[in-house]
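*Asks:* what's the 3D shape of this:
(2 chains)
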Amino acid sequence: MVKGLIVGTLTAAVSFGAFAGASNVSSSKLIKEATAAYKQVAKDTSYQWTVSVNSIKEAQAAFDKGKYTQAEALAREALELVDATRTQAKIEAETWQMRVPK
Amino acid sequence: MKTITRATLAATVGLGFAIGVSAGPVEDQAAFQKYFENRFPNTPTADCANGVYSILPEARAQWESIEEFPPYELAIENGEKLYHSKFANGKSLADCFGPEGAVRGQYPFWDKDRGMVITMERAVNECREANGEKGYGWKKGKIADVTAYMSFNSRGQKVDVKIPSDDPRALAAYEEGKEHFYTKRGQLNFACADCHLLTAGNLYRADTTSPGFGHATSWPVFRSKWQSMGTLHRRFAGCHNNIRANPYKAQGLEYSNLEYFVPYMSNGLDFNGPAARK
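*Replies:* This is a model prediction of the structure:
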């Protein structure tokens, strides 16, 4: 149990550290990365999720207010949403015909 | 979150109910209509043009009372004025579509010369532009009013969308519309077919989803939710927003091809627009 607690504490510390280190530079870089990924998935698949661009806008708004930790978290969320969009497009390209009645 | 989203997406792969190779438009249409015959055996075929009210007796009575004093009446009146208003060159929409604009049954159609689907809304705006006028906006307002007037005068015409066999581009446009209809999109991971085929008639929160057979016969419509008239492409965009997918441009390639597929599935039904819908 003690070992579990230590591992849990260390994991939490590492996760916190990832955000605690957020800065003007790192959050700006992540927002740019998320924006580029969003545009790329739109080009590649013609799929776009409204929530991805919302997260990017919210990340930019947090950045503008100097809330870099929040900005990074939102940019990471946008990247995950873009990743999920791409996964959806890939799955659907292979499976949409399963829904066609015959 | 990513893991959950991926797991959800992967799980949906197993939800297909019929695995098969792609069929042609004629086979698609027969299977589509047969599906709804089996799903709603008590609904007369012709009544499917009334959307969700064809399968929902409780809501039908309320809808019929709304239709006694239809909320789209003003749109028809305004549409009539717009239809007969003279352009700067002295002509009017009547010069393109005849004295009453009763041409609903001719749309959408495949324009071989231009290699594209022509919807009635596009035809109206192209008529205006050819006569030196600006086109209307695509989703609501004057375009909905004019097409409400034209649709009203076209009531009873048959849906008769044709996929010409001598132009492979027409079949490609149909196939794109078909793929769009059956493809899941948006964060909520929905396809048009999920609501309007696979679970048509089921409740989503407080609303029953309408059967896909009969879609596109009644446009433009006055929606209670909008409290105004709107075109079919306005509805497409609204659906995409609901599932958190970015909508496409009204009258763009995606929605025009979708409008080629959707009414083709309802060939044989009567056009009965404009209509009132929730």
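
*Asks:* pretty sure B:Lys139 contacts B:Leu232?
*Replies:* No - between B:Lys139 and B:Leu232 there is no contact under C-beta atoms under 8 Å: 9.4 Å. In short, each C-beta sits where N, CA and C put it, glycine included.

*Asks:* dump the residue contacts of B:Gly156.
*Replies:* B:Asp270, B:Phe271, B:Asn272 (C-beta atoms under 8 Å, 6 or more residues apart in numbering or on different chains).

*Asks:* tell me the confidence at residue 3?
*Replies:* I'll assume chain A. Here, the pLDDT recorded for A:Lys3 equals 51.

*Asks:* that's the wrong chain, I wanted chain B
*Replies:* 41.

*Asks:* tally of neighbours for whichever residue of chain A sits closest to chain B?
*Replies:* Taking C-beta to the nearest C-beta, chain B has its nearest neighbour within chain A at A:Met98, 2.4 Å off. Other residues lying near A:Met98 total 16 when counted by other C-beta atoms under 10 Å in any protein chain shown.

*Asks:* what about it, distance to B:Ala193?
*Replies:* 10 Å (C-beta to C-beta, to the nearest Å).

*Asks:* surely A:Ser28 meets A:Gln60?
*Replies:* No - counting by C-beta under 8 Å, A:Ser28 does not reach A:Gln60; the two are 9.4 Å apart.

*Asks:* any idea how far the closest residue to B:Leu93 other than its chain neighbours lies from chain A?
*Replies:* Leaving aside its sequence neighbours, B:Leu93 sits nearest to B:Tyr83 (C-beta to C-beta, 6 or more residues apart in numbering or on different chains; 4.9 Å). From B:Tyr83 over to chain A the distance is 36 Å, taken as C-beta to the nearest C-beta, to the nearest Å.

*Asks:* go on, B:Gly201?
*Replies:* 15 Å.

*Asks:* how close does that residue sit to B:Lys86?
*Replies:* 47 Å.

*Asks:* the more surrounded of the two?
*Replies:* Neighbour count, other C-beta under 10 Å: between B:Gly201 and B:Lys86, B:Gly201 has more, with 17 against 11.

*Asks:* which phi and psi does that one have?
*Replies:* phi 90, psi -10 (degrees, to the nearest 10).

*Asks:* which residues does it contact?
*Replies:* Contacts of B:Gly201 by C-beta under 8 Å, 6+ apart are B:Arg39, B:Phe40, B:Ile55, B:Leu56, B:Thr208, B:Thr209, B:Pro211.

*Asks:* also B:Pro247?
*Replies:* B:Pro247 neighbours (C-beta under 8 Å, 6+ apart): B:Phe236, B:Ala237, B:Gly238, B:His240, B:Asn241.

*Asks:* for the residues you listed, give me a markdown table that also has secondary structure and distance to B:Glu73.
*Replies:* Shown next, in a markdown table, are those (DSSP: H, G, I helix; E, B strand; the rest coil; distance: C-beta to C-beta, whole Å):
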| residue | secondary structure | distance to B:Glu73 |
| --- | --- | --- |
| B:Phe236 | helix | 25 |
| B:Ala237 | helix | 25 |
| B:Gly238 | helix | 23 |
| B:His240 | helix | 30 |
| B:Asn241 | helix | 28 |
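
*Asks:* buried among those? Need that as a selection in PyMOL.
*Replies:* Here is the PyMOL command that picks out the buried ones among these, judged by 16 or more other C-beta atoms under 10 Å in any protein chain shown:
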select buried, chain B and resi 236+237+240
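
*Asks:* near chain A, which of the contacts of B:Pro247 show up?
*Replies:* Restricting the contacts of B:Pro247 to those touching chain A (C-beta under 8 Å from any C-beta of the partner chain) yields B:Asn241.

*Asks:* and B:Val146, what does it touch?
*Replies:* B:Gly79, B:Leu82, B:Tyr83, B:Leu93, B:Gly101, B:Val124, B:Tyr136.

*Asks:* read off the pLDDT value for the closest residue to it other than its chain neighbours.
*Replies:* Distance criterion C-beta to C-beta, 6+ apart; nearest residue to B:Val146, sequence neighbours excluded, is B:Gly79 at 4.6 Å. Here, the pLDDT recorded for B:Gly79 equals 98.

*Asks:* now do the strand or helix carrying B:Gly79: distance to the chain's middle.
*Replies:* Applying DSSP states H and E as the criterion places B:Gly79 in helix B:73-84. For helix B:73-84, the separation from the chain centroid amounts to 21 Å (computed by C-alpha atoms, centre = their mean, to the nearest Å).
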